[in-house]
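A.B. asks: need coordinates for the following:
(2 chains)
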Amino acid sequence: MEIIEKIKTNKSADNLTEIQKICLHKLQSSPLPNPKSELWRLSSKSKLSNFLDYSVIENNSKFDIPYPKNTQSTIRLIIGENCQIKLIEKNYSIKQLSEDELQKYIKEQISFFNQNENWSELLNLSLSCKHNILGLKINGSKIPPIEIFSHASSNSLNAKTLVIFLEKNCNVELLQVNLGQENSSLSQSTFFCLKENSSVNHGVVSYGENRSNLLNSLNVIQQKNSSYNLGSLHFKFNYARFEINIKQTAGNAKTNIKGMQITKKDEQISTYTKIEFNGPNGFLDQINKSLADDKSHAIFEGSIIVPKIAQRTDASQLSRNLLLSNLAQIDTKPQLEIIADDVKCKHGATISQLNEEELFYMRTRGITLTEASKLQLSSFFQEIISFIPISKDKWDLLDKLLNEN
Amino acid sequence: MVNENLVKDVVKEPYKYGFVTDIETEKIAKGLNEDVIRLISQKKEEPKYLLDFRLKAFKKWQKMEEPDWAGLGYKQIDYQDIIYYSAPKQKEKISSLDEVDPKLLETFDKLGIPLTEQKKLTNVAVDAVFDSVSIATTFREELAEHGVIFCSISEAVKNHSDLIEKYLGTVVPASDNYFAALNSAVFSDGSFVYIPKGVTCPMDLSSYFRINSGDSGQFERTLIIAEEASSVSYLEGCTAPMFDTNTLHAAVVELIALDDASIKYSTVQNWYAGDEEGIGGIFNFVTKRGKCLGKRSKISWSQVETGSAITWKYPSCLLLGEESVGEFYSVALTNNLQQADTGTKMIHIGPKTKSTIVSKGISAGNSKNSYRGLVKMGTKATGSRNYSQCDSMLIGDQASANTFPYIKSQQPNSEIEHEASTCRISEDQLFYLQSRGIEFEEAVSMMVSGFCRDVFNQLPMEFAAEADKLLALKLEGSVG
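C.D. replies: Below you'll find the predicted structure:
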């Protein structure tokens, strides 16, 4: 693990940015996360070390965007490719954040970071060089949908960072696509700041190729009356972690999360979510689905924290899991930590296989077992996929998932 | 008028079992080392295998660290400041209850536990444990007619050594966890139950644990073995006097159910919980585990946890036998500065095993109440099912309610369902009851008892009534 050695011995080389130096400093004493902590207990150690085995590169090879036929008028950006963006139209503006703004915001975030809980972000920010950080400030309404790509090239570790400010009263659809090439590691950190009355439909689609790895962290700060909808899908990674941290800073905000992870072969994909309500009248509706086949391992841990100040919070969390093979395993741990008394909080979890009665019914109607299973799976997937913005028309995610089966 | 006064008295004295019995006791010096363990073993005239068991556990314990994952906040325990053996002085061997110190009998009478047989009102056999030793066991002869062995574990070591040697430590191994290891090293007494093949125990069995001394810990060990096609219902109650120091209680309970056997284990735990400021109270660190070894065996835990400053307790079931069943019904109530971290583990190992978990947590005052559970489907648990439900009720905006259910499945042909909810006392319902002339506090206690109904239904009758009253008492003054 070359990177870890580097972190340990780093003498603050001159070419590093201030943020990189701060993060390296935070990691230096213990460069790896604590394997006994709740967040990392189930994570495969060998897979994490495989993630860290590749050497970091700052400049990717030329990257071809999948599905180039751009039927909709979407704005497409690739993190790492010098995209100087300054779109000022009648109803909206999308501008790149200035270096000062970026620095200030990231530094403020780092000050709350803890070595173990935010290890993925600290690693990302300590590796991310200037041109792999994309910062956007979005203002206005009727903004065309935005697609943002990050990718990792073969035999290397790439760190990409995305910072987005949504100004007041702004609403936007944004799809983030993380792609991993064969034998690659991608460290992606996203920071979202939703100002008052803004709303976003955020999609995260991550898929890899043979033995690619992903550490994907998402930090969202929601101000009053903002609404954050997240649809996410992770599949085809040898090892992937999706860490979501959402804070409703003053309550009175809405959060909807629909996420799914699909594991096959000996893959391990995990989702960790932490949602904090720091004010009253917060709303959360979360569903996480996992499907584990072959010898794979899917993990979900979701915590909801409702302190005393967060009266009248309404939060629900559901974890639905399909276990399709004798050798696969699923771990799920929804958790509620509640102090406020006037709240409605509930969670549920189920683990099962495909419904046999439904399969039998379809077979009696002349549908083959394979077709019937596909039908069931598609209904399982559809609920999540239909929640991912932009992708609906041109990404054919459902096809992609079903035909992989 | 009488009633009114009664209520006032009750409010003034929230913990009515807080008295101390002034009785001459035999204690050994504070502290824990190999010599203390040898001394305990010697006092109890134990065979060598048991001494070895204790010493091995002690060695393991020394290497272990006190667990902190439950996030319970308490003062560090000084294990050298505890008396590990305390027994009321009495004649060497008691052949009948007449020889028991009348003061002791009086104590248990005050607690509502009839030891003298003429006072037996209910058909329940009792084993009464006072500090480190068992005082008396009632209904022995009647039980013996059916072949049921019900005695203190020290007696069992002397008279049924083969069973002890065969089963002790097989469900909760000495190195299981920090407190189980400590218990294995220093356990003083407890109850032993053996139900022979095909016997349905003619009466409920019960143990009553009483801590009397303020500076000695209580480390009892209970072992229940149900042979093929037998069944037993076992009740456990606990109280302690009010001291402003914390007393450690680290017990181990092991249950073994063979083919077609069923064990029902009910607890009403009402150790002293400390005062409103959180001073004093029992630290209750208990390891309870049942092994469904045989086919179609069943172990059912039901518990009402209202006492203790700190509760750390996860009664569990290892479901090994085909079609075995595990159940866990729990009500945990915390008030003032109490902390409870309780739940269960259902480990499905054999095929077609079933488990049900119903947990109700009520937190009032500044207390902290957590449900922590594990449901695991092993690779061979085909056709197994689990259903869990944990509900929390919050009273006041200073209490906290947490749920941490871990669910792990390695068997696609099994089903796990888990539900949890958090709510508070509904103002509409409260208003309705009050508008019908029901007093505020009574209305609250009615609603709480409704909230816990699923669990109370599972308790043996005498216990259910007691539990209901207990909850009402504990909540007194916490609402409003």
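A.B. asks: which ones are touching the most centrally placed residue in chain B?
C.D. replies: In chain B, the centroid-proximal residue (C-alpha atoms, centre = their mean) is B:Thr267; its distance is 5.0 Å. Applying C-beta atoms under 8 Å, 6 or more residues apart in numbering or on different chains, we find B:Thr267 in contact with B:Leu235, B:Glu236, B:Gly237, B:Cys238, B:Trp301, B:Ser302, B:Gln303, B:Val304, B:Glu305. C-beta here means a position set from N, CA and C on the backbone, and glycine is covered the same way.
A.B. asks: how about the residues of the stretch 301-450 of chain B near chain A?
C.D. replies: With the criterion set to C-beta under 8 Å from any C-beta of the partner chain, the stretch 301-450 of chain B comes near chain A through B:377, B:379, B:392, B:394-424.
A.B. asks: list the contacts for B:Ala240?
C.D. replies: B:Tyr17, B:Gly18, B:Arg210, B:Ile211, B:Asn212, B:Thr247, B:His249, B:Trp271, B:Tyr272, B:Ile282, B:Gly307 are the contacts of B:Ala240 under C-beta under 8 Å, 6+ apart.
A.B. asks: which of those residues count as buried?
C.D. replies: Among the contacts of B:Ala240, those buried by neighbour count (16 or more other C-beta atoms under 10 Å in any protein chain shown) are B:Tyr17, B:Arg210, B:Ile211, B:Asn212, B:Thr247, B:His249, B:Trp271, B:Tyr272, B:Ile282, B:Gly307.
A.B. asks: now for those residues: which two are most distant?
C.D. replies: Farthest apart among the buried ones among the contacts of B:Ala240 by C-beta to C-beta are B:Asn212 and B:Gly307. That separation is 15.4 Å.
A.B. asks: tell me where the model's unsure across chain B.
C.D. replies: Judged by pLDDT under 70, chain B has its weakly predicted residues at B:1-16, B:18, B:89-101, B:103-105, B:107-124, B:131-136, B:462, B:475-480.
A.B. asks: same for the longest strand belonging to it, what does it pack against?
C.D. replies: Across chain B, the longest stretch assigned as strand under DSSP state E is strand B:281-292. On a contact count with 3 or more C-beta pairs under 8 Å, 6 or more residues apart in numbering or on different chains; DSSP states H and E, strand B:281-292 meets helix B:178-186, strand B:246-249, strand B:252-257, strand B:262-269, strand B:298-305, strand B:310-313, strand B:316-319, strand B:325-334.
A.B. asks: format those as a markdown table; extra columns: distance to A:Asn171.
C.D. replies: Putting these into a markdown table (distance: least, C-beta to C-beta, whole Å) gives the following:
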| stretch | distance to A:Asn171 |
| --- | --- |
| helix B:178-186 | 54 |
| strand B:246-249 | 56 |
| strand B:252-257 | 58 |
| strand B:262-269 | 54 |
| strand B:298-305 | 49 |
| strand B:310-313 | 49 |
| strand B:316-319 | 50 |
| strand B:325-334 | 45 |
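A.B. asks: quick one, what contacts the spatially most distant residue from the centre of chain A?
C.D. replies: Distance from the centre of chain A peaks at A:Thr364, with 40.8 Å (C-alpha atoms, centre = their mean). Residues near A:Thr364 by C-beta under 8 Å, 6+ apart: none.
A.B. asks: swap in A:Ile106?
C.D. replies: A:Ile19, A:Leu125, A:Val163, A:Phe191.
A.B. asks: now with 10 Å, please.
C.D. replies: A:17-19, A:22-23, A:121, A:125, A:128, A:133, A:135, A:161, A:163, A:189, A:191 (C-beta atoms under 10 Å, 6 or more residues apart in numbering or on different chains).
A.B. asks: from these, which would you call buried?
C.D. replies: Buried members of those, counted by 16+ other C-beta under 10 Å: A:17, A:19, A:22-23, A:121, A:125, A:128, A:133, A:135, A:161, A:163, A:189, A:191.
A.B. asks: which stretches of the stretch 51-200 of chain A have low pLDDT?
C.D. replies: In the stretch 51-200 of chain A, residues with pLDDT under 70: A:60-61, A:67-72, A:82-83.
A.B. asks: one more time with 90
C.D. replies: The model of the stretch 51-200 of chain A has pLDDT under 90 over residues A:54-93, A:95-101, A:103, A:111-116, A:127-132, A:140-145, A:147, A:151, A:153-154, A:181.
A.B. asks: the strands in it, which residues?
C.D. replies: Assigned strands in the stretch 51-200 of chain A, in chain order: A:75-78, A:86-88, A:92-96, A:133-140, A:146-152, A:157-166, A:171-180, A:185-194, A:199-208 (criterion: DSSP state E, counting those that start in this stretch).
A.B. asks: among those, which is nearest A:Gln115?
C.D. replies: Minimum separation from A:Gln115 across the strands of the stretch 51-200 of chain A (C-beta to C-beta) falls at strand A:185-194, 15.4 Å.
A.B. asks: the closest one pairs with which strands?
C.D. replies: The partner list of strand A:185-194 in its sheet, established with DSSP bridges, is strand A:157-166 (parallel), strand A:213-222 (parallel).
A.B. asks: looking at those, which is closest to B:Val199?
C.D. replies: Using C-beta to C-beta, these put strand A:213-222 closest to B:Val199, at 59.9 Å.
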